[in-house]
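*Asks:* Compute the structure for the input listed below.
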Amino acid sequence: MPEQVDTVIVGSGFAGLGAAIRLDGAGRRDWVLLEKAGTLGGTWRDNVYPGCACDVESHLYSFSFFPHDGWTRTFARQAEIRSYLEDVADHYRLRDRVRFGAHVTGAEWDGTHWDVTLADGDVLRARYVVFGTGALHEPAVPEIEGLSGFAGAAFHSAQWDPSVDLRGKRVAVIGTGASAIQFVPAIAPEAGHLTLFQRTAPWVLPKPDKPIPERTRRAFRRVPGLRRAYRAALYWRHEAMVVGFLHPRVMRIAERVARLYLRRAFAGDDALRRAVTPDFTMGCKRVLMSNDYYPALRRADVTVETTGIARITERGVVTTDGAEHPCDVIVFGTGFRVGDGMSRMTITGRDGVKLADAWQDGPQALYGTTVAGFPNLFSVVGPNTGLGHSSMVLMIESQLNYVLGAMDLVDRHRAVAVDTRRDVQDAHNADLQARLGAAVWGSGGCASWYLDAHGRNRTLWPGYTFDFRRRTRRVDPAAHELVA
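*Replies:* Okay, the predicted model is just below:
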């Protein structure tokens, strides 16, 4: 017989740990957290590439209910964020209730429960399933002819191979996303030569990162309300940025700052400046922050290659102009497969409908959390919950309010389950797409990972986080149907 539990939580990053804490706080202690790896931490466990850090300030990129006075930098590095998550797990005594090495491959609704299947064949039967797997956990490696025959080491930034010695090596970096602008400056001094293959130049702003002095950390600990006031100031400063994303003309102000940064960074090298200047409206793709990316590109042992890649040979990368660029190591900074991670599992809802089929035209949900036809199943950091301006932890906490509210709705009515009405979900997503199309992500003149194969933005929330929190504070019974 399958092991029975009230709630299965999948993933041990911010979303999964947050779900466990909130369930405990609501008196729902019959849960198990499944983690496919051997340790917790989610994306902050997996991404260990040199220079890995957050691009949201530490005091905002943390749980509101578990503040940390001891952040050592304005923008925390990977190790410090992972340590914070470990502290969260220890403080709430979660670690002994995490089942490590438990890789979820699918889930099936039997009319009253979910049967959650693991890679080793084990099955857990649960009333509720909360997916906290996030969007940034499946690396996207482009299909390039000849890659399998490359003689050297080749890996994605999220699967960094520390055994590969880059000293004196010819390194090819493919991609210029958020990870690349962090690891390129970190490895350029070590490599013999680094060639950066750039398909699209990103907009880059200076990063106001600096150490947080011990006296400031001490003040946060000793002065009541100071840390909360600092977090609030960060929050409202980030929320003000939404205006630029929703009204592209306003974004031109920030674009002027970025162009000034470009001119100063590449003074005396107009050719390189033109090569790394974006040709789309700022904000259409993710806006990046770095103080050392542009200086790294100006190094004598770094080459920026803007010609497209044709194929990979045993010894190097061949561009579409026929030139071969010899290299010993290839590192992909090409981002992640976002938006449809859950649909690549075999998840079967009501009437035998597969989630992959329900999402064949693109993933959609109600507030990124519940999906019509899949009762008692919740996705944290689901479709259209991503942000281009602030901390995802804010969205996670709002979604967890909605999850708990849906569970309470089931209990109050002594029902078996709660399911989202399809017409409500469709209307919600039609409104989202209309708002997204008018914003910079749809009108900025770029093709980004925010968009799916049909050109629809299935990634971002088109507005303020306080609006999302208001909408998810309570579950509207009229938007759902109860399964008796």
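
*Asks:* bridging residues for Leu196?
*Replies:* With DSSP bridges as the criterion, Leu196 is bridged to Val173, Val304.

*Asks:* wait, it sits on Val171?
*Replies:* No - because the distance of 9.3 Å does not satisfy C-beta atoms under 8 Å, Leu196 is recorded as not touching Val171. (Each C-beta comes from the backbone N, C-alpha and C, glycine too.)

*Asks:* packing partners for the helix or strand bottoming out on mean pLDDT in the chain?
*Replies:* Across the helices and strands of the chain, mean pLDDT, DSSP states H and E gives its lowest value to helix 440-443, namely a mean of 91. Helices and strands in packing contact with helix 440-443 are listed as helix 242-246, helix 248-265; criterion 3 or more C-beta pairs under 8 Å, 6 or more residues apart in numbering; DSSP states H and E.

*Asks:* Which SSE is immediately downstream of that helix?
*Replies:* Past helix 440-443, heading to the C-terminal end, the next element that is a helix or strand (DSSP states H and E) is helix 465-472.

*Asks:* Off-centre distance for the helix or strand that that next one is followed by?
*Replies:* Scanning forward in sequence from helix 465-472 by DSSP H and E, the next helix or strand is strand 480-483. Using C-alpha atoms, centre = their mean, to the nearest Å, the mean C-alpha position of strand 480-483 is found 31 Å from that of the whole chain.

*Asks:* before we move on, what about stretch 148-160?
*Replies:* Between the mean C-alpha point of stretch 148-160 and the mean C-alpha point of its chain there is a distance of 22 Å (C-alpha atoms, centre = their mean).

*Asks:* Val32 - that's part of a helix, no?
*Replies:* No - assigned with DSSP: H, G, I helix; E, B strand; the rest coil, Val32 falls outside any helix and is strand.

*Asks:* Tell me what it is bridged to.
*Replies:* Residues in beta-bridge contact with Val32 (DSSP bridges): Val8.

*Asks:* for it, what are its contacts?
*Replies:* Under the criterion of C-beta atoms under 8 Å, 6 or more residues apart in numbering, the contact partners of Val32 comprise 5, 7-9, 97, 99, 124.

*Asks:* Quick one: residues contacting Trp44.
*Replies:* By C-beta under 8 Å, 6+ apart, the residues touching Trp44 are 13, 78, 81-82, 85.

*Asks:* would JSON lines of those with neighbour count, distance to Tyr49 and secondary structure be doable?
*Replies:* Formatted as JSON lines, the entries for these read as follows, by neighbours: other C-beta atoms under 10 Å; distance: C-beta to C-beta, whole Å; DSSP: H, G, I helix; E, B strand; the rest coil:
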{"residue": "Gly13", "neighbour count": "26", "distance to Tyr49": "17", "secondary structure": "coil"}
{"residue": "Gln78", "neighbour count": "21", "distance to Tyr49": "8", "secondary structure": "helix"}
{"residue": "Ile81", "neighbour count": "26", "distance to Tyr49": "14", "secondary structure": "helix"}
{"residue": "Arg82", "neighbour count": "23", "distance to Tyr49": "13", "secondary structure": "helix"}
{"residue": "Leu85", "neighbour count": "22", "distance to Tyr49": "18", "secondary structure": "helix"}
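
*Asks:* buried set for the least confident helix or strand of the chain?
*Replies:* The neighbour-count criterion (16 or more other C-beta atoms under 10 Å) identifies 440-442 as the buried residues of helix 440-443.

*Asks:* can you give me how far it is from the chain middle?
*Replies:* For helix 440-443, the distance to the chain centre is 20 Å (C-alpha atoms, centre = their mean).

*Asks:* in the chain, which helix has the most residues?
*Replies:* In the chain, ranked by residue count with DSSP state H as the criterion, the top helix is helix 392-412.

*Asks:* what's around the closest residue in space to Ala135 that isn't next to it in sequence, how many residues?
*Replies:* Here the nearest residue to Ala135 in space, its sequence neighbours aside, is Val338; by C-beta to C-beta, 6 or more residues apart in numbering that works out to 4.3 Å. Applying other C-beta atoms under 10 Å, we find 21 other residues in the vicinity of Val338.

*Asks:* repeat for His389
*Replies:* Residues near His389, counting by other C-beta under 10 Å, number 21.

*Asks:* got a list of what it touches?
*Replies:* 238-239, 241-242, 245.

*Asks:* Show the buried residues in these.
*Replies:* Under a neighbour-count criterion of 16+ other C-beta under 10 Å, the subset of the contacts of His389 counted as buried comprises 238-239, 241-242, 245.

*Asks:* coming back round to it: would you turn the contacts of Trp44 into JSON lines with pLDDT and distance to Gly368?
*Replies:* JSON lines is the format used below for the contacts of Trp44 (pLDDT from 0 to 100; distance: C-beta to C-beta, whole Å):
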{"residue": "Gly13", "pLDDT": "97", "distance to Gly368": "16"}
{"residue": "Gln78", "pLDDT": "98", "distance to Gly368": "25"}
{"residue": "Ile81", "pLDDT": "98", "distance to Gly368": "23"}
{"residue": "Arg82", "pLDDT": "98", "distance to Gly368": "25"}
{"residue": "Leu85", "pLDDT": "98", "distance to Gly368": "22"}
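
*Asks:* If it's not too much trouble, I'd like those residues exported to a markdown table so that distance to Val164 sit alongside each entry.
*Replies:* Shown next, in a markdown table, are the contacts of Trp44 (distance: C-beta to C-beta, whole Å):
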| residue | distance to Val164 |
| --- | --- |
| Gly13 | 26 |
| Gln78 | 18 |
| Ile81 | 24 |
| Arg82 | 22 |
| Leu85 | 27 |
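
*Asks:* out of those residues, who's nearest Asp328?
*Replies:* Of all these, Asp328 sits closest to Gln78, with 25.6 Å by C-beta to C-beta.

*Asks:* separation between that closest one and Phe66?
*Replies:* In this structure, Gln78 and Phe66 are 19 Å apart, going by C-beta to C-beta, to the nearest Å.

*Asks:* Gly444 now?
*Replies:* When distance is defined by C-beta to C-beta, Gly444 is 36 Å away from Phe66.

*Asks:* ok so, going back, list only buried entries from the contacts of Val32.
*Replies:* Neighbour counting with 16+ other C-beta under 10 Å marks 5, 7-9, 124 as buried within those.

*Asks:* Greatest separation within these: which pair is it?
*Replies:* Spanning the widest gap among these are Ile9 and Leu124, at 11.0 Å by C-beta to C-beta.

*Asks:* Now list whatever residues contact both of these two.
*Replies:* Taking C-beta under 8 Å, 6+ apart as the contact rule, Ile9 and Leu124 both touch 32, 34.

*Asks:* about what we covered before: which pair in the contacts of Trp44 spans the largest distance?
*Replies:* Greatest spatial distance in these: Gly13 and Gln78, 12.6 Å, computed using C-beta to C-beta.

*Asks:* residue contacts, the residue lying closest to Val371 once chain neighbours are set aside?
*Replies:* Of all residues beyond its chain neighbours, the one nearest Val371 is Ala365 (4.8 Å), with distances taken as C-beta to C-beta, 6+ apart. Under the criterion of C-beta under 8 Å, 6+ apart, the neighbours of Ala365 are 371, 379, 382-384, 420, 425.

*Asks:* gap between Ala365 and Ala26?
*Replies:* In this structure, Ala365 and Ala26 are separated by 22 Å, where distance is defined by C-beta to C-beta.

*Asks:* Tell me which stretches of the stretch 51-200 of the chain form strands.
*Replies:* Counting by DSSP state E, counting those that start in this stretch, the stretch 51-200 of the chain forms strands over residues 98-100, 104-109, 114-118, 123-131, 153-156, 170-174, 193-197, given from the N-terminal end onward.

*Asks:* Sounds good, over and out.
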